[in-house]
Every structure is written in C-alpha cells, then in structure tokens.
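Asker: sequence and predicted structure, then a few things I'm wondering about:
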Amino acid sequence: MNSFREFYRINKDKLFGYLLRRTGDYHLAADTMQESFTRYLERYDKTELSVALLFTISRHLLADNARGQRMTVPFDEERHDRIQGQDPSLIREDSQHILQAIAQLAPEEADILALVTGSNLSYKEIAKINGMSEANIKIKVHRSRLKLKKILNAGEL
Amino acid sequence: MKDYLISLFIDDELDLDEKIDFVESVHLDVSLKDEAIDLLTQEKLLRSDMVTSLPAATQIIRQSSWKTIFLPAWRPLLAGCALATLAITTLFLLRSGPEPGQEIAQRFVIYRPNTGNMAIMGSFTDWNPLPMEKIGASGYWSITLRLKPGEHHYSYMLEDGLQIADPTVPFQESDDLGGENSIINISTPI
C-alpha cells in the first residue's frame, strides 16, 4: 500500500495534466484521475505498478464517459465543499483558449498531444499506451502541433 | 524538410547526432528557425500550469462509495458485524465453494484507432475470432462476454491478421505461432 501511495504521489499530477488537456474540463479530469487510481488499486493491486497501465485505465474511463456511461465516482462531501469554496474559474484564461483549440483537433491528435505535453511521458511510454511504434508517435505528435498552430493562427476560436 | 526534428527537440527525444543535425538545419534554414520558435512559444502555453490549483490529494481506498455510510459513531458496531459476517461467509464458502458453471460478464476494451476490424479470440471461443464492436469514433473497440470462473487465455486480432496481447493485462504467454496471449483469471464474486 505504501508503494501505491508513492505511485499515486508521483503520477497524480501527470495524469491530471493529460486528462485536463484531453477533456478541457477541470472537474471531469479530476474525477477521472481519482477513479483511475481507485480502479487500479481494486483490479491490479497485485501486479507491478505501471504508468502505462494507469493511463490505459484512464483512457478507457474517458471512452466510457464519451459513450454516456457515467463513472461510479462516489460523492465526497469534503471534496465537494472544497470545490465549492474555490474560484469558479479553475482554468486560467489564456489556457482556456488553447484547450479549446486542442478540442478542435481529431480525437487521436488531441490524445497524443495531451499525452506528450500534459504527462511528460516519453515517446516510448506513449507508444506502449497507444499500441503504436515510436516512429509513428514522432510523426503524429509533430502533425498535431502543426495543426494546433494552424487552428490558433486562423483565429477559429 | 526536417521540421519533425522540432518536435523531437521540444520533447527531448534527440540523440547527439540528431542535435547536431538540428542545429545545422536551423542555422541554414530561416523558415525552419521561425517554425521552431513558433512551436516552442506554443509549447510554453501547452505545458503551462493551466489551472489556478491542482486537485487536492485524496485517500484512494477500495470500495470508497461505502465511505459515506460508515460514519465514525457506527464504526465499532459495524466492525463487529463485519467480522461476524466474514467468519460466517468463510465457513459457508469452505463448505459449499463457488457455484460450478456460474458465468460472469467480462468486458474487453482495446484502443486501436487505425484498424477497420477488431476481433477477440481465446480459450473461451475455441480460438475462433469473435468480432468486436467499434465505440463510435473514439478509436476503442469493445465486447462483453460471459465467462466461466477460472483461467482464460486470449488475444486480439487486427484486420491484417496480426495477433496482439491485451496491453492492460500484465500476465502474458507466447504461443506456438510466435504471438503473445494474455492470461486472466475470472473469479466468482462473493
């Protein structure tokens, strides 16, 4: 359990960084992050701790969410109070602009860009999560960046 | 055009030879230099904190939805009841064991956006490919099967016939044909 706690401490913000960029939604990202760790602990407790597996669980949760299947996130009164007490604009204004631009990318492009820029995972780790070759990741990451630049420059937002 | 080197440079994925190549290319090609500056500036925004505060760390526990039911005042009584229930359940299970043949729903999900078809095959299909369902445009494929408790071996098959193990399952074995199979153990719920 102690090693899982350490695993949580090290990867919590990386996973949130990815989820925020992927969803553009603070609360959905925070809930998915918590639920990912809970599922990991429930289902894979006996296995070696793997960052790739953690991110895979998160992506499956996002897919479920996109299909309209609600996650079983328990109501946490303490946490709810804390969120209520926060500034409603949890995402910085200049970042809202770029998150909206990411949302205009194709899902696969947004996903790879969110993994690279939000989580700081290496291409090797991302290739493992995506089931692609590293060479493929290299190309797709760069194309996503160029497309994002085009969206931002076009002022389509 | 070596513009893809910009992303490798940003992501710290260049080896020393590639770094030399990149610096020389940027020095010789003004448009490449401008593109690099633009993407680096964009990257600063992409990698910024983005939020005014990160979500607070919360305790991750199993079956956390029970948390709200187990109020502190009830805990000693509930702990006693839980121990008694556990003892009775253990005795019951030791006497009766899991119900034979009881099937359990197991959902298989895999992310493969670039394939037109996806199938699952395993010990539970007599190694015959069973088509999976595409989840909209998400790139995910899924299928839910009812499996008997016990160990099962399986793999996924892409449209080109390539057989791959489940990336979310850590236990794998090599088959006789050079492919990798995943191994899961389905247990009867108590």
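Answerer: Here it is on my side, so go on.
Asker: give me the mean pLDDT for stretch A:30-47.
Answerer: Stretch A:30-47 carries an average pLDDT of 86.
Asker: hey, where'd the helices end up in chain B?
Answerer: Listed in chain order, the helices of chain B (DSSP state H) span B:4-10, B:16-28, B:30-46, B:75-96.
Asker: okay, A:N11 and chain B: tell me how far apart.
Answerer: As judged by CB to the nearest CB, to the nearest Å, A:N11 and chain B stand 12 Å apart. The way it works is simple: take the backbone N, C-alpha and C, and place the C-beta from them, glycine included.
Asker: report the contact partners of that residue.
Answerer: A:V51, A:L54 (CB atoms under 8 Å, 6 or more residues apart in numbering or on different chains).
Asker: rerun that using 6 Å as the cut-off
Answerer: A:V51 (CB atoms under 6 Å, 6 or more residues apart in numbering or on different chains).
Asker: thinking again about what came up before, worst mean pLDDT among the helices of chain B?
Answerer: In terms of average pLDDT, helix B:75-96 trails the rest of the helices of chain B, at a mean of 57.
Asker: give me the pLDDT for B:S138.
Answerer: 76.
Asker: count of neighbours near it?
Answerer: For B:S138, the neighbour count with other CB atoms under 10 Å in any protein chain shown is 19.
Asker: my read: it touches A:L62, true?
Answerer: No - counting by CB atoms under 6 Å, B:S138 sits too far from A:L62 to count as a contact (8.2 Å).
Asker: tell me how many other residues surround the nearest residue to A:Q104 once chain neighbours are set aside.
Answerer: Spatial nearest neighbour of A:Q104, chain neighbours left out: A:I151 (5.2 Å); criterion: CB to CB, 6 or more residues apart in numbering or on different chains. Neighbour count for A:I151, taken as other CB under 10 Å: 18.
Asker: is it true that A:I151 touches A:I102?
Answerer: No - assessed by CB under 6 Å, A:I151 is found out of contact with A:I102, at 8.7 Å.
Asker: mind listing what the residue of chain B most remote from its centre touches?
Answerer: Going by CA atoms, centre = their mean, the residue of chain B most distant from its centre is B:L28, 43.9 Å out. For B:L28, the contact set (CB under 6 Å, 6+ apart) is empty.
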